[in-house]
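**Q** kindly return the folded structure for what I paste below:
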Amino acid sequence: MHPASPPPDRSGLDALLRNRPFLALWTGQLLAQVADKIFYVLLIILVKTGGYTPGQNPDNSMLSAVMIAYTVPAIVFGSAAGIVVDRFSKKQMLIACNVIRALLIVALPFLPKAFVVLLAITFLVSTVTQFFAPAEAAAIPLAVGREGLMSANALFASSTMGGIIVGMTIGEPLFSWVKHSFGADSQEFLLGGLYLISAGLIYAMRIKENHAGSSGKNVHPWQDLKEGLRYLKHNHLVSNAMVQLTILYSVFAALQVLAIALSGKIGLKETQFGFLLAAAGIGMVLGAAFLGHSGHRMHHKPLPLIGFLMMGFVLAMFAFTRQLWVGFGLSALFGFGASLINGPMQALIQEKTPESMRGKVFGLENNAINIALSLPLALTGPLTDAVSNAVGSEDKGLQIVLLSLGFLVSVMGMAAWKHTRKVLQDAL
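**A** From the prediction side, this is the model:
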């Protein structure tokens, strides 16, 4: 659902791919996204073999501690990061985040091999990352303008999924090759180099920013946070769009957990669950192409409702799927449905939020999404195990969870649309 119909000759993927500022932002973001996931892989490698723990078999508590240091900043600093982003140039913020992350990671080989040092670097890198996300979201409207928002956000969403999959897939083989070819410390230098290249790409982005009133002086974080919350409270169009995005990311997080068991049911190894997620990424790319080509003609259609119903249908069908090609097809359909929610809703938030408020709003959105991602990741696995134990069958337990989740997603999608429909119609 898009609040207004942009001129067809200035929207779509063709126009975006000729837009140099957008290409610089998009490729820089994609490379940073890949680097983020490779960093996640590097952390596991360093804990296991980097000499930061005694012996070669670190216990699970050490791995958990690193993961906590990696995820906590997303929840704690998400909103605060948005406040800071509003005070400074979005382009400068994106470049600074990449340069700081590169310096922190490259510094690792020169610091003591103490576990607390690894935790501190992990926490700092993750904290800096929280400033990158709202600055990136706030920069998209500056690079593409109103008419390209839906296509741009659909493409960003699909490339984000692609970056996650690529980073997780190539991380370990890439580090093994680099370590074997150039030595142990080359892993950190490779990763730092990726962030610096991303910074260089974003430096090439030429956008016009309104710096009126944006300054590092007279910062009042609590007042700014309340201002952002107050804006969301009174702007139902933006807040309801944010609710639908939060639901979307919650469902994606649940699928990440369920995909492991599901992969084993359709003929893959459970360790190959990334292929199933990759199919969803392909579906999101197809959805981005669809929105880019036809989105301006479908601004009056209930795209988010269609997307939720499509995702609910796919989750229910997964419960009975045992063939590989069917599983891949359903996963691609799931990604296509997700793009019908993410692209229009993100575009709506960007279009309806003033430039001076975008950092605050996207900081709050980033916070909500990180919480939405964390809860399903923590609950889906134990819930599936509990249901499987209750019915005495892992296969039936997975079926029950998938059917229940599919029904729940459909109901939540219909409820969200019913609650949002009149507000969206008012924006037409």
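**Q** which of the helices or strands spans the most centrally placed residue in the chain?
**A** Centroid-nearest residue in the chain, with C-alpha atoms, centre = their mean: residue 160, separated by 6.0 Å. Assigned by DSSP states H and E, residue 160 belongs to helix 149-182.
**Q** got it, and residue 87?
**A** Applying DSSP H and E, one finds residue 87 in no helix or strand.
**Q** and if you look at residue 395?
**A** Going by DSSP H and E, residue 395 is part of helix 394-426.
**Q** outside of stretch 332-344, which residues touch it?
**A** 1-2, 150-151, 153-154, 157-158, 161, 244-245, 248, 251-252, 255, 279-288, 290-291, 295, 303-304, 306-311, 313-315 (C-beta atoms under 8 Å, 6 or more residues apart in numbering). Glycine gets a C-beta too; all of them are placed from N, C-alpha and C.
**Q** helices - which of the residues you listed land there?
**A** 150-151, 153-154, 157-158, 161, 244-245, 248, 251-252, 255, 279-288, 290-291, 303-304, 306-311, 313-315 (DSSP state H).
**Q** could you turn the buried ones of the contacts of stretch 332-344 into a PyMOL selection?
**A** To isolate the buried members of the contacts of stretch 332-344 in PyMOL, using 16 or more other C-beta atoms under 10 Å:
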select buried, resi 1+2+150+151+153+154+157+158+161+244+245+248+251+252+255+279+280+281+282+283+284+285+286+287+288+290+291+295+303+304+306+307+308+309+310+311+313+314+315
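**Q** and for the residue nearest to residue 142 when sequence neighbours are not counted, the neighbour number?
**A** Excluding the flanking residues, the one nearest residue 142 by C-beta to C-beta, 6 or more residues apart in numbering is residue 207, at 4.4 Å. For residue 207, the tally of surrounding residues (other C-beta atoms under 10 Å) stands at 17.
**Q** any figure for the gap between residue 207 and residue 25?
**A** 8 Å (C-beta to C-beta, to the nearest Å).
**Q** shared neighbours, these two?
**A** Between them, residue 207 and residue 25 share the contacting residues 139, 143, judged by C-beta under 8 Å, 6+ apart.
**Q** list the contacts for residue 185?
**A** residue 109.
**Q** remind me what the helix holding residue 160 packs against, helices and strands.
**A** If you count contacts as 3 or more C-beta pairs under 8 Å, 6 or more residues apart in numbering; DSSP states H and E, helix 149-182 packs onto helix 13-17, helix 20-49, helix 115-144, helix 186-203, helix 273-294, helix 324-352.
**Q** can you list the buried residues in it?
**A** 149-169, 171, 174-175, 178-179.
**Q** pLDDT of that helix, averaged?
**A** Taken as a whole, helix 149-182 carries a mean pLDDT of 76.
**Q** tell me what angle that helix forms with helix 324-352.
**A** 120 degrees (axes from the mean of the first three to the mean of the last three C-alpha atoms, to 10 degrees).
**Q** what distance do you get for the residue nearest to residue 321 when sequence neighbours are not counted to residue 52?
**A** Distance criterion C-beta to C-beta, 6+ apart; nearest residue to residue 321, sequence neighbours excluded, is residue 327 at 5.1 Å. Going from residue 327 to residue 52 by C-beta to C-beta gives 38 Å.
**Q** before we move on, the earlier item: any idea of the angle the helix holding residue 160 forms with helix 186-203?
**A** Using the same axes, to 10 degrees: helix 149-182 against helix 186-203 is 150 degrees.
**Q** helix/strand/coil for residue 205?
**A** Under DSSP: H, G, I helix; E, B strand; the rest coil, residue 205 falls in the coil class.
**Q** count of neighbours near the residue lying closest to it once chain neighbours are set aside?
**A** Once flanking residues are discounted, residue 205 sits nearest to residue 24: 3.8 Å by C-beta to C-beta, 6+ apart. Other residues near residue 24 number 20, with proximity taken as other C-beta under 10 Å.
**Q** need the pLDDT of residue 24.
**A** Per the predicted model, pLDDT is 92 at residue 24.
**Q** surely it touches residue 207?
**A** No - between residue 24 and residue 207 there is no contact under C-beta atoms under 8 Å: 9.1 Å.
**Q** and residue 393, backbone torsions?
**A** phi -150, psi 130 (degrees, to the nearest 10).
**Q** OK, contacts around the residue nearest to residue 205?
**A** So residue 24 contacts 143, 201, 202, 204, 205, 206 (C-beta under 8 Å, 6+ apart).
**Q** tell me, how many residues neighbour the residue nearest to residue 321?
**A** With other C-beta under 10 Å as criterion, residue 327 counts 23.
**Q** ignoring the adjacent residues along the chain, who's closest to residue 208?
**A** In space, residue 208 is closest to residue 142, 6.9 Å off (C-beta to C-beta, 6+ apart).
**Q** mind listing what that neighbour touches?
**A** 21, 90, 207, 208, 209, 355.
**Q** in a markdown table: those, plus distance to residue 112.
**A** As requested, the contacts of residue 142 are exported to a markdown table (distance: C-beta to C-beta, whole Å):
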| residue | distance to residue 112 |
| --- | --- |
| 21 | 43 |
| 90 | 36 |
| 207 | 42 |
| 208 | 46 |
| 209 | 41 |
| 355 | 44 |
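**Q** show me which of the residues you listed are buried.
**A** 21, 90, 207, 355.
**Q** separation between the nearest residue to residue 388 once chain neighbours are set aside and residue 261?
**A** In space, and not counting its chain neighbours, residue 388 is closest to residue 397: 2.8 Å by C-beta to C-beta, 6+ apart. For residue 397, the distance to residue 261 (C-beta to C-beta) stands at 9 Å.
**Q** which residues are in contact with both of those two?
**A** residue 384.
**Q** and the closest residue to residue 247 other than its chain neighbours, how many neighbours?
**A** Spatial nearest neighbour of residue 247, chain neighbours left out: residue 412 (5.4 Å); criterion: C-beta to C-beta, 6+ apart. Neighbour count of residue 412, defined by other C-beta under 10 Å: 18.
**Q** all good on my end, thank you.
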